[in-house]
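Chemist: Take a look and give me a structure for this.
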Amino acid sequence: MSRITRYILAELIPPLLAGVLLFTALLSFGYFFVSSQWLQGVSPALVAQWLGYQLPDTLVKVLPMAAVLMTIVAFGRLNTDSELVAMQSGGIGLGQAGRPVAVTGLALALLSLWLSLWVAPRANVETRSLYWDVMTGAGLSTMSGRTLDLGGGLNVSWQSYDPATRQLQGVRAERWNKEHPQQADVVFAKTGTFEDNQLRLTDYQAFKVDYAAAAKLAPGTPLPGGASGASSNLLALRQQAEEINHRIAAVFPGIVVEADPAKPLEIEAGTSRKEAIARFADAIGADDQGWDELTSTINDAQAPAADRQDAALTLSRKVALPFGNLVLALAALPFALRFGRSLGVSLGMALLVALAYYLLTALGLTLAGGMSGPLALALPWLGNLVLLIAGLLLLRRA
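Modeler: Alright, predicted model coming up:
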């Protein structure tokens, strides 16, 4: 590593760290302020743990802003003190001086990519679980009365939830047959629990239901012997009764009524309790999908096309935002040369550039939501593309 590279890195690192600390503190305070009214009586240690779980997702959001601030502050000072002019006089052009920016931006992009796809999704699940199960004590009560898709064709709903005993009341569980979509296993239980991936139901009744067979019970469905036959002789009437019994039996090929109310029925869910809380506890679900979940959905030939498209779009977004660190670090160079005269101006310019980037990214995601195909997957990169082109054009004029 050359001396000039070390010198420029020494200029880049302090504003980068300062930006990360500043923006992380602001965002974390926002999380705490919004939720503080429900955190009365919660210990500071739990609040600190809750904020710590949010740190990976927070870093993914703030690192691009810190990258902009890093470049504008560092190169703004170098330009204001004429050190860039001195470098150019010594044969060191702006391209060579900007290499440490590119290296640092790439390192931030890789760090952010790792956080976005492997760390933040799991941390977000822990964040929501800690908040609802421990800090507020609400648990699964916010999901009462809703039908939840717990994966693997299993849909579950419950009438109420007791946080003290962690018990569900009035539970209905349905699991539909993939090969025969009109057939389902339906369980009604007075009580139950949902821990880890296990749904344990007690005092239950279980039914296998064939809705295709139920259609044959509709009024007007012909029976053997016809109406005249039924009225003219007992044999025809008996045949009709047997046919009706046969059709009813076909609707319910299996019925289990457990004699011991305390004996549990265990059902394996495709979603854990923590994941269910993360996705369904409030209106805005946690971003809990990482590389494994997204690629599994994308490569699942049996998954609905809409689900595969959504997973591909989410993956594109989760890759685009981390590489925004590299794009913004380089695109900020011309802004640093023009506006990086003081710390206040640098901070304001960094916020404006970052805001423009996030607005363009949000616009791309909005447009992609109503489209499909390769163009939709490219739209989450709109902010990266526009800022990169704008930076290159301004750099030529700098």
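
Chemist: Go through the helix or strand harbouring Thr58 and flag the buried ones.
Modeler: Following DSSP states H and E, one finds Thr58 within helix 55-80. Neighbour-count burial for helix 55-80, counted by 16 or more other Cβ atoms under 10 Å, picks out 55-79. To be clear about C-beta, it is placed using only N, CA and C from the backbone, and glycine gets the same treatment.

Chemist: Next: stretch 277-295.
Modeler: For stretch 277-295, the neighbour count (16+ other Cβ under 10 Å) marks 277-281, 286-291, 293-294 as buried.

Chemist: Ends of that stretch, what's the gap?
Modeler: Length of stretch 277-295, first residue to last, Cα to Cα, to the nearest Å: 23 Å.

Chemist: residues in contact with it?
Modeler: Stretch 277-295 has contacts (Cβ atoms under 8 Å, 6 or more residues apart in numbering) with 57, 117-118, 120-122, 124-125, 127-129, 132-133, 138-140, 142-143, 146, 148, 271, 275, 311-312, 314-315, 318.

Chemist: Repeat the analysis, applying 7 Å as the threshold.
Modeler: The contact list for stretch 277-295, computed with Cβ atoms under 7 Å, 6 or more residues apart in numbering, reads 57, 117-118, 120-121, 124-125, 127-129, 132-133, 142-143, 146, 148, 275, 311, 314-315.

Chemist: Next: stretch 84-94.
Modeler: Here stretch 84-94 makes contact (Cβ under 7 Å, 6+ apart) with 4, 78, 97.

Chemist: For the helix with the most length in the chain, buried residues please.
Modeler: Using DSSP state H to assign secondary structure, the helix with the most residues in the chain is helix 305-339. Buried residues in helix 305-339, counting neighbours by 16+ other Cβ under 10 Å, are found at 308-337, 339.

Chemist: what does stretch 92-103 give?
Modeler: Quick answer for stretch 92-103 (16+ other Cβ under 10 Å): 94, 97-98, 100-101, 103.

Chemist: Three-state assignment for Gly152, please.
Modeler: Following DSSP: H, G, I helix; E, B strand; the rest coil, the label given to Gly152 is coil.

Chemist: since we're on it, how many residues are nearby?
Modeler: Other residues lying near Gly152 total 13 when counted by other Cβ atoms under 10 Å.

Chemist: which non-adjacent residue is nearest it?
Modeler: Excluding its sequence neighbours, the residue lying closest to Gly152 (Cβ to Cβ, 6 or more residues apart in numbering) is Gly270, at 3.8 Å.

Chemist: doesn't Gly153 make contact with the one you found?
Modeler: No: taking contacts as Cβ atoms under 7 Å, Gly270 lies outside contact range of Gly153: 8.3 Å.

Chemist: out of those two, which sits in the busier spot?
Modeler: Neighbours around Gly270 and Gly153, counted as other Cβ under 10 Å, are more numerous at Gly153. The numbers are 15 against 12.

Chemist: So the more buried one is in contact with Ala173, correct?
Modeler: No: counting by Cβ under 7 Å, Gly153 does not reach Ala173; the two are 10.9 Å apart.

Chemist: returning to what we had before: so can I have CSV of the buried residues of stretch 277-295 showing distance to Arg396 and pLDDT?
Modeler: CSV is the format used below for these (distance: Cβ to Cβ, whole Å; pLDDT from 0 to 100):
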residue, distance to Arg396, pLDDT
Ile277, 52, 95
Ala278, 47, 94
Arg279, 47, 93
Phe280, 51, 93
Ala281, 50, 90
Ala286, 43, 86
Asp287, 38, 91
Asp288, 43, 94
Gln289, 40, 94
Gly290, 40, 96
Trp291, 38, 97
Glu293, 43, 94
Leu294, 38, 96
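
Chemist: Going by distance to Leu217, which of those wins?
Modeler: Among those, Phe280 lies closest to Leu217 (Cβ to Cβ), at 35.3 Å.

Chemist: and that closest one, how far is that from Leu9?
Modeler: Phe280 sits 46 Å away from Leu9, going by Cβ to Cβ, to the nearest Å.

Chemist: just to revisit the earlier point, the helix holding Thr58 packs against which elements?
Modeler: Applying 3 or more Cβ pairs under 7 Å, 6 or more residues apart in numbering; DSSP states H and E, one finds that helix 55-80 makes contact with helix 3-35, helix 99-114, helix 120-129, helix 305-339, helix 343-369.

Chemist: packing partners for the fourth one?
Modeler: Under the contact criterion of 3+ Cβ pairs under 7 Å, 6+ apart, helix 305-339 touches helix 55-80, helix 99-114, helix 291-298, helix 343-369, helix 374-378, helix 382-397.

Chemist: I'd like these as a markdown table, with distance to Trp158 appended.
Modeler: Below are these laid out as a markdown table (distance: least, Cβ to Cβ, whole Å):
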| stretch | distance to Trp158 |
| --- | --- |
| helix 55-80 | 29 |
| helix 99-114 | 38 |
| helix 291-298 | 25 |
| helix 343-369 | 32 |
| helix 374-378 | 37 |
| helix 382-397 | 42 |
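
Chemist: Quick test: name the residue nearest the centre of this structure.
Modeler: Residue closest to the average C-alpha location in the chain (Cα atoms, centre = their mean): Asp287, at 2.2 Å.

Chemist: Using just helix, strand and coil, how would you label that one?
Modeler: Quick answer, by three-state DSSP: Asp287 is coil.

Chemist: tell me the contacts of Leu51?
Modeler: By Cβ under 7 Å, 6+ apart, the contact set of Leu51 is 28, 31-32.

Chemist: now do Leu199
Modeler: By Cβ under 7 Å, 6+ apart, the contact list for Leu199 reads 156, 173, 192, 267, 269.

Chemist: any idea how far Ala25 lies from Val60?
Modeler: 16 Å.

Chemist: any weak-confidence spans in the stretch 51-200 of the chain?
Modeler: Across the stretch 51-200 of the chain, not a single residue meets the criterion (pLDDT under 70).

Chemist: Please disregard the earlier target; I meant the stretch 251-398 of the chain.
Modeler: 340, 398.

Chemist: about what we covered before: the residue nearest to Gly152: what secondary structure?
Modeler: Following three-state DSSP, Gly270 is assigned to coil.

Chemist: Lovely, talk soon.
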